[in-house]
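Visitor: Sharing a sequence plus its predicted fold:
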Amino acid sequence: CIPGDPNNTVECSPGDPRSNVNVVGMTPDPADFNDTGYRQQNEPACAILPGDSACIICAYNYYRGVEAFGDAWEGVSQSCDAGDTWKSRLAPGHPLYESVNYRSPAEFAADPRLAAIPGMAIFNFIAGYRETNVGVLAIQHWLEVNKEDADFYEPGVETYIADEGTEGRFLDKPDMVAVLDGGTITLDTVMENSDLCETVDGGDCTPGHITRRYPSGKLYVAYAAFTGSNSVKVLVKTSDDWGRTFKNQAMKLSEDQNQVSGITLTAVGNKVLAVWRRKGDGNDVDSIMYSVISNGGKKATKGEVLADVCAFDQPTLDGEQTDLDVVKNVVTFRTNDFPWTANDGKNAFVFYSDRGRDGNGDCLADGKPRIVMHHSDLSGQVTWTPQRTIDQTATDATFQFMPTAFGANGKVQVAWYDTRRDPSDPLDLAFVADYDLLYPGYNGALVNRTVDVFTTNVTIDGGDAIIPPPVRASQFSIVVDKKDANRTEYETEASF
């Protein structure tokens with residue numbers, strides 16, 4: 001596909017999704033807690049092994065720890081056959097971790113992020129205690145291992161601390177990005193697998209230690225700090241050894257009384273873009289904010305408004321909490337409007353969902369959210385392209401929300417949740433809901449939501465964004481039930 005080439009004979013494609021595969025695979029080591037209860041996972045983050053796109057490592061909030069120690073921890077899955085088969089486990093540091101001295105000071109973990117550089121994957125998450133604000137912003141190193149009887153990524157036992165929360169200071173919503181600088185750095189890692197051993201020069205080594213030379217660079221970690229004064233700070237810390245040690249002073253990108261959601265980072269060259277949502281209140285409207293970090297993390301622009309947004313947020317409702325005039329027993333899932341950034345090597349992209357506006361510019365309270373984007377090359381005085389809807393094929397009743405994106409080699413792949421295959425909602429509710437009891441006298445069908453994942457990609461040609469129509473990525477199994485020579489097919493629904 002060559003966007004804009006009049007002689008192009010290859011149709012630009014949004015991608016070719018394969019059948020869904022469960023990333024929760026076998027767990028060879030019983031100490032990593034086999035998932036016998038088939039517990040839920042959410043908020044996944046993945047990275048691809050540099051130089052081998054068939055090898056993937058993913059992390060996610062995993063509830064298999066509930067049965068073992070009473071709360072969720074971070075799960076990690078790996079595949080080296082392009083996602084056909086997986087191994088899965090809990091990450092080190094949980095409350096029952098075998099290496100007692102390396103247990104994290106926490107009872108739960110959440111909000112995973114991953115970045116891969118040659119030789120290692122860098123794993124970032126928060127961990128803490130449910131009833132207090134005490135917690136940590138954590139980093140782990142998972143090293144590439146070329147050994148037949150080992151996983152292709154094996155963890156070090158140590159969890160490094162980027163920052164700590166206190167009773168009056170809660171840390172949340174982290175993201176990170178690794179920026180290489182062309183040099184090298186040598187690090188020694190104490191491995192969980194004591195059979196592993198490696199030195200830089202190939203000589204004698206200490207069992208359980210891997211000493212290796214990696215590309216050098218800077219790790220940027222951004223997060224929100226919620227304080228007891230109702231102030232929310234957006235902070236960035238940097239590390240020159242991939243997260244083992246951090247500069248003492250965090251750089252403040254913003255401080256606001258408004259709630260902050262969904263901090264996300266990407267880098268174009270030596271510039272790092274931080275984007276977050278500032279929730280509206282009586283003084284400010286909902287806005288997508290940004291800051292550009294430069295000079296190796298020593299300088300940053302003040303948080304500025306990229307765009308005001310008609311946000312799509314909805315709370316969790318369990319049925320007993322709702323009794324609308326025309327419908328009862330409404331069940332919803334919680335979702336908030338978060339932005340997501342990515343880059344194609346030359347441009348930075350920002351994606352989010354927006355309900356749209358009426359002719360007067362006011363937000364449509366019942367408007368259906370659509371995934372929209374802006375892009376910029378971040379040069380000079382940063383300017384952004386006008387808002388653009390990335391999908392022109394959605395039905396009027398479609399909800400689109402929670403975008404995620406990844407870019408490489410001049411292309412950005414973006415995916416989102418999408419309800420276009422929903423049954424028709426006779427009440428045209430302004431949120432995604434199941435309900436089972438309508439107003440008296442209504443004889444229509446009840447609504448049970450089907451939420452899919454759709455995806456497309458974006459390439460820039462002469463400053464214009466080329467975006468093919470999206471394709472459904474969530475491909476679910478078909479169950480065939482034969483009765484009395486009749487054949488009936490049932491397609492399973494998406495779930496979160």
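Guide: Looks like it came in fine.
Visitor: From here on, just use CA atoms for contacts and neighbour counts.
Guide: Noted.
Visitor: Just the buried positions in stretch 199-207, please.
Guide: Buried positions in stretch 199-207, judged by neighbour count with 16 or more other CA atoms under 10 Å: none.
Visitor: got it, and stretch 157-173?
Guide: Buried, per 16+ other CA under 10 Å, within stretch 157-173: 157-165, 169-173.
Visitor: out of all of them, which strand in this structure is the longest?
Guide: Identified as the longest strand of the chain according to DSSP state E is strand 169-190.
Visitor: quick one: average pLDDT of it?
Guide: For strand 169-190, mean pLDDT is 96.
Visitor: For that strand, what is the distance to the chain centroid?
Guide: Mean-position distance between strand 169-190 and its chain equals 17 Å (CA atoms, centre = their mean, to the nearest Å).
Visitor: quick one on the thing from earlier: tell me which two of the buried residues of stretch 157-173 sit farthest apart.
Guide: V157 and R169 (27.2 Å; CA to CA).
Visitor: returning to what we had before: okay, the angle between the very next helix or strand once past the longest strand of the chain and strand 169-190?
Guide: Later in the chain than strand 169-190, the nearest helix or strand by DSSP states H and E is strand 209-227. Comparing the axes of strand 209-227 and strand 169-190 via axes from the mean of the first three to the mean of the last three CA atoms, to 10 degrees yields an angle of 180 degrees.
Visitor: okay, and for the stretch 251-400 of the chain, where does confidence drop off?
Guide: Low-confidence segments of the stretch 251-400 of the chain (pLDDT under 70): 319-328.
Visitor: give me that answer again for 80
Guide: 257-259, 261, 282, 317-331 (pLDDT under 80).
Visitor: Would you confirm that I161 contacts Q140?
Guide: No: the criterion here is CA atoms under 8 Å, and I161 misses it with Q140 at 9.0 Å.
Visitor: which outside residues touch the host helix or strand of A47?
Guide: Per DSSP H and E, A47 falls inside strand 41-48. Residues from elsewhere that reach strand 41-48, judged by CA atoms under 8 Å, 6 or more residues apart in numbering: 54-63, 111-116, 121, 496.
Visitor: Give me the mean pLDDT for that strand.
Guide: Averaging pLDDT along strand 41-48 yields 94.
Visitor: which other residues reach the helix or strand just after that strand?
Guide: Sequence-wise, the next helix or strand downstream of strand 41-48 (DSSP H and E) is strand 56-62. The contact list for strand 56-62, computed with CA under 8 Å, 6+ apart, reads 39-49, 72-80, 82-83, 90, 109-114, 153.
Visitor: any idea how far F351 is from A415?
Guide: 10 Å (CA to CA, to the nearest Å).
Visitor: joint contacts of these two?
Guide: Joint contacts of A415 and F351 (CA under 8 Å, 6+ apart) are 403-404.
Visitor: Between these two, which has more neighbouring residues?
Guide: Set A415 next to F351 and count neighbours by other CA atoms under 10 Å: F351 wins out with 27 against 23.
Visitor: and A109, how many residues sit next to it?
Guide: Other residues close to A109 by other CA under 10 Å number 28.
Visitor: which residues of the stretch 301-450 of the chain fall in strands?
Guide: 304-308, 317-318, 327-328, 331-332, 340-343, 348-354, 370-376, 388-389, 400-408, 411-418, 437-438 (DSSP state E, counting those that start in this stretch).
Visitor: what's around N101, how many residues?
Guide: Other residues near N101 come to 10 when the count uses other CA under 10 Å.
Visitor: which one of the buried residues of stretch 157-173 is nearest V272?
Guide: Of all these, V272 sits closest to K173, with 17.4 Å by CA to CA.
Visitor: tell me the contacts of the nearest residue to that closest one once chain neighbours are set aside?
Guide: Among residues not flanking K173 along the chain, Y223 sits closest, at 5.5 Å (CA to CA, 6 or more residues apart in numbering). By CA under 8 Å, 6+ apart, the residues touching Y223 are 171-175, 234-236, 263.
Visitor: On the strand side of things, show who Y223 bridges to.
Guide: As for beta bridges, Y223 partners with L235 under DSSP bridges.
Visitor: So what's the predicted local confidence for it?
Guide: Here the pLDDT value assigned to Y223 is 96.
Visitor: doesn't H141 fall inside a strand?
Guide: Yes: assessed by DSSP: H, G, I helix; E, B strand; the rest coil, H141 belongs to a strand.
Visitor: Quick check: the residue lying closest to it once chain neighbours are set aside vs C58, distance?
Guide: Nearest residue to H141, sequence neighbours excluded (CA to CA, 6+ apart): I122, at 5.1 Å. Taking CA to CA as the measure, I122 falls 11 Å from C58.
Visitor: and if you look at R103?
Guide: Distance, R103 to C58, by CA to CA: 21 Å.
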